[in-house]
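Enquirer: Everything below, folded, please.
(one chain, ligands or ions: 1)
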Amino acid sequence: MRVPLLLVLAMLVASCAEEPGAIQYSWDDSPILCSVSVDDLTHVAPWDTVEEAIQRARDDTTVALFHAHDPGRTISVDAIERVLGLADAAGLTYVTYAELGHAATAPRPAIAFAFDDQYLDSWTAIAPQLAAHNARVTFFVTRVYKYDAHMLDELAQLAAAGHGVEAHSVNHLHAREYEAAYGVAAYLADEVMPSIQILEDLGYAVTSYAFPFGESDDALDTAVLEHVQRVRVSPGSCPD
Ligand SMILES: [Zn+2]
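Expert: Presented below is the predicted three-dimensional model:
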């Protein structure tokens, strides 16, 4: 089953990438952003898509959107270096998700690179690598209510270095499954709003929400966008 599943995933990613601008943000304040995973240790990283998106960002003054999870476990340090090197070679600016608003940042060829979930030690370990590239990324954090003081301190240090901190749900559940079982309002109340509130209580201004697994639908997007400026989804839930 393993190989066919990977092939299907690769085809899904490839079909998304064939659509013009599918994983590009065009500085048009469109609130639904489509990002692809570049984890290379748990999946086949879509390098053709990555290179095409970076070239398109440079040529079309758009933003290439990528994300990964746990450096050293889901994404290799080499893969991070490859993404940063490609972005640098193309002359892209590193932007956080808070900087994707047209009013906040003049349109420029850019990359919005993100790391998801709760891998504070691994993220802290790659901070010097990011700094060496003057790369600022966004950390979409989940299960923040479980963080101990050390993890919260690591997150604060990353933010102090210029990286973004944004919301990625309370318990990392599948949004469409939760919606089917309990409704959109319950998903909002249980998984979205507390994940924003806990970050704001810690002093982070939340602008964006990344759906776990990149899974969403129109009703979920609409509901969440009443509370944040933009949502992040992945191929399979990306806008047409
Ligand atoms: Zn996640």
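Enquirer: what's the following helix or strand after the host helix or strand of M151?
Expert: Assigning secondary structure by DSSP states H and E places M151 in helix 149-160. Per DSSP H and E, helix 149-160 leads on to strand 164-167 as the next helix or strand towards the C-terminus.
Enquirer: just the CA coordinates of that next one, formatted as PDB?
Expert: Presented in PDB, the C-alpha positions along strand 164-167 are these (Å, rounded to 0.1, in the frame of the first residue of the first chain):
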ATOM      1  CA  GLY A 164       6.100  34.600  13.000                       C
ATOM      2  CA  VAL A 165       3.900  32.700  15.400                       C
ATOM      3  CA  GLU A 166       0.400  31.700  14.200                       C
ATOM      4  CA  ALA A 167      -2.400  29.400  15.100                       C
END
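Enquirer: so how far is the following helix or strand past that strand from its chain's centroid?
Expert: Using DSSP H and E, the helix or strand that follows strand 164-167 in sequence is helix 175-182. Counting by CA atoms, centre = their mean, to the nearest Å, helix 175-182 is centred 22 Å from the centre of its parent chain.
Enquirer: Can you show me the helices along this structure?
Expert: Counting by DSSP state H, the chain has helices at residues 2-18, 47-60, 77-89, 120-132, 149-160, 175-182, 184-187, 193-201, 218-224.
Enquirer: What residues sit buried inside the shortest one?
Expert: In this case it means helix 184-187. Neighbour counts over helix 184-187 (16 or more other CB atoms under 10 Å) mark 184, 187 as buried. Glycine gets a C-beta too; all of them are placed from N, C-alpha and C.
Enquirer: now for the helices of the chain, which one comes closest to S30?
Expert: For the helices of the chain, the distance to S30 is smallest for helix 218-224, at 11.3 Å, taking CB to CB.
Enquirer: Many thanks, have a good one.
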